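A.B. asks: Predicted model follows, preceded by the sequence.
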Amino acid sequence: VEPGAVLVLESDGRLAVSTTPYDTRVAGIVSGADGIRPGIVLGRTPGRRGRLPIGLAGKVMCNVDASFGPIEVGTLLTTSPRTGHAMAASDRERAFGAVIGKAMAAMATGSGRIPVLVALQ
């Protein structure tokens, strides 16, 4: 799983890369993309490997896909059908419980990474 990927909860409680739009199981974003490191890492266990820092709040670089609609500063973001990406949450009814945060930069078309203010809603 790469930094910037959007994650969701699986039925067994583990985290997985998102694949479904407007997924209410959205859990966070893998931290560490583009040199933005986590400020605090909770649950760190010395010697334990394979765990990734997950952004649950604050500023995190996130994979986004604007092919489902343009993203502007302040746009609410949700999971996208594109694996591990967020998209604009343009359908307010479906967005309830599926918002990962707010865009802190714009992307009119295509895909890439932008900073996101993570605030699960």
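C.D. replies: Looks like it arrived, so ask away. Numbering: from 1, shown residues only.
A.B. asks: Tell me where this structure has helices.
C.D. replies: Using DSSP state H, the helices assigned to the chain run over residues 92-95.
A.B. asks: those strands in it, which residues are they?
C.D. replies: Counting by DSSP state E, the chain has strands at residues 6-9, 15-17, 26-30, 54-55, 57-65, 76-79, 86-88, 99-103, 111-119.
A.B. asks: May I see those strands arranged in TSV, with distance to Arg37 as well?
C.D. replies: (Glycine included, C-beta is placed from N, CA and C.) Formatted as TSV, the strands of the chain follow (distance: least, C-beta to C-beta, whole Å):
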stretch	distance to Arg37
strand 6-9	18
strand 15-17	19
strand 26-30	12
strand 54-55	11
strand 57-65	10
strand 76-79	21
strand 86-88	20
strand 99-103	18
strand 111-119	13
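A.B. asks: averaging pLDDT over each of the ones you listed, which comes out lowest?
C.D. replies: Lowest mean pLDDT within the strands of the chain: strand 54-55, at a mean of 86.
A.B. asks: and that one, what other elements does it pack with?
C.D. replies: strand 26-30 (3 or more C-beta pairs under 8 Å, 6 or more residues apart in numbering; DSSP states H and E).
A.B. asks: The strand it packs on: partners in the sheet, and parallel or antiparallel?
C.D. replies: strand 6-9 (antiparallel), strand 54-55 (antiparallel) (DSSP bridges).
A.B. asks: If anything else comes up later, I'll come back, but that's it for now.
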